[in-house]
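[1] Pasting the sequence and the predicted model now:
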Amino acid sequence: IGLATIVRSGKAISNGDVHGVKLIIAISAALSVLVNGIVSVVFYIFRLEIAGIYTSSDDVIEILDHCVPVLAVLFFVGGLGWTACGVLEGMSRNTERSVVYSVSAWLIFVPGAIYLALYSKWSKVHKWSAISLIWKLGLGVEVVRCVLIWIILLRTDWDKQVMLAKQRSEAMQTLTGTADSDDDDNLEIEHTQKKRVSTSPKTRALIQNYKDEDDNFNTIEDDESRKDSRALTAYSLHSMENEMDHSGNKQDNAHVN
């Protein structure tokens, strides 16, 4: 869902389709709620059976029994945040996303987890208390992330983002335009040189199969690389025929001598 959101939202914003981007956001959020909700409920209901697949230790199963409910909710909330992150990445707004996740991780979660695991009096109540407290803190951090990311996304200036997307597209075309132009010139020269070579009837028939009525390569079905490859194949066959004929003449002359 996240990868599809990145690709589709990036394409829509590049085309200036603001309504399409908002529709993608709504669909991605709905899919995240549905899929993540189902996964979370399944893991919550069958947490003991799933834990039994990986371990037979009663202590570990007891820890998972108390921690998986928190993890299930964390997974569900995180999925909503990932949807908004995917749209931001599609608009090349990675800085905002990185700031939210980095600051919340290093300034809130890491110090809080160290305190809860080593110094908190609540971590000694049960064997699973420290781990459960850490994941509860992680759930709180994930809620903060999700809220901040969605606020950033919903406050987006869409006209500005469309303009920035067009500027990125024009900059990319400027960088690659010279190279594309040179490639086209080289292909044109190469095709011209190949047309000047006298070919046998078999080679001309082969070339004709890949040309249209105007003696141009069919640009609808084949891309430039395939057209060039086919023309080169035909040219190579012509060269092979000439070499074989030349070798045959030499052998005939040698036999006569």
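    Right, received. Where do you want to start? Residues are numbered from 1 along each chain as shown.

[2] name the element residue 42 belongs to?
    Using DSSP states H and E, residue 42 sits in helix 18-45.

[3] which residues of the stretch 51-200 of the chain fall in helices?
    58-90, 94-104, 110-118, 129-154, 158-196 (DSSP state H, counting those that start in this stretch).

[4] what about those, which gets the closest to residue 16?
    In terms of C-beta to C-beta, the element of the helices of the stretch 51-200 of the chain nearest to residue 16 is helix 158-196, at 4.8 Å. All C-beta spots, glycine's among them, are computed from the backbone N, C-alpha and C.

[5] what mean pLDDT would you report for that closest one?
    Helix 158-196 shows a mean pLDDT of 65.

[6] now do stretch 38-46
    Per-residue pLDDT values across stretch 38-46 average out to 95.

[7] got a list of contacts for that stretch?
    50, 68-69, 71-73, 75-76 (C-beta atoms under 8 Å, 6 or more residues apart in numbering).

[8] Could you do stretch 81-100 as well?
    1-3, 5-11, 13, 21, 24-25, 28-29, 32, 142, 145-146, 148-150, 152-153, 156, 161, 164-165, 168.

[9] hmm, 6 Å instead?
    Identification of contacts with stretch 81-100 by C-beta atoms under 6 Å, 6 or more residues apart in numbering yields 2, 5-6, 9-10, 13, 25, 28-29, 32, 145-146, 148-150, 152-153, 161.

[10] Kindly give a single PyMOL line that selects the buried subset of those.
    Command for PyMOL that selects the buried part of the contacts of stretch 81-100, burial taken from 16 or more other C-beta atoms under 10 Å:
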select buried, resi 5+6+9+10+13+25+28+29+32+145+146+148+149+150+152+153+161
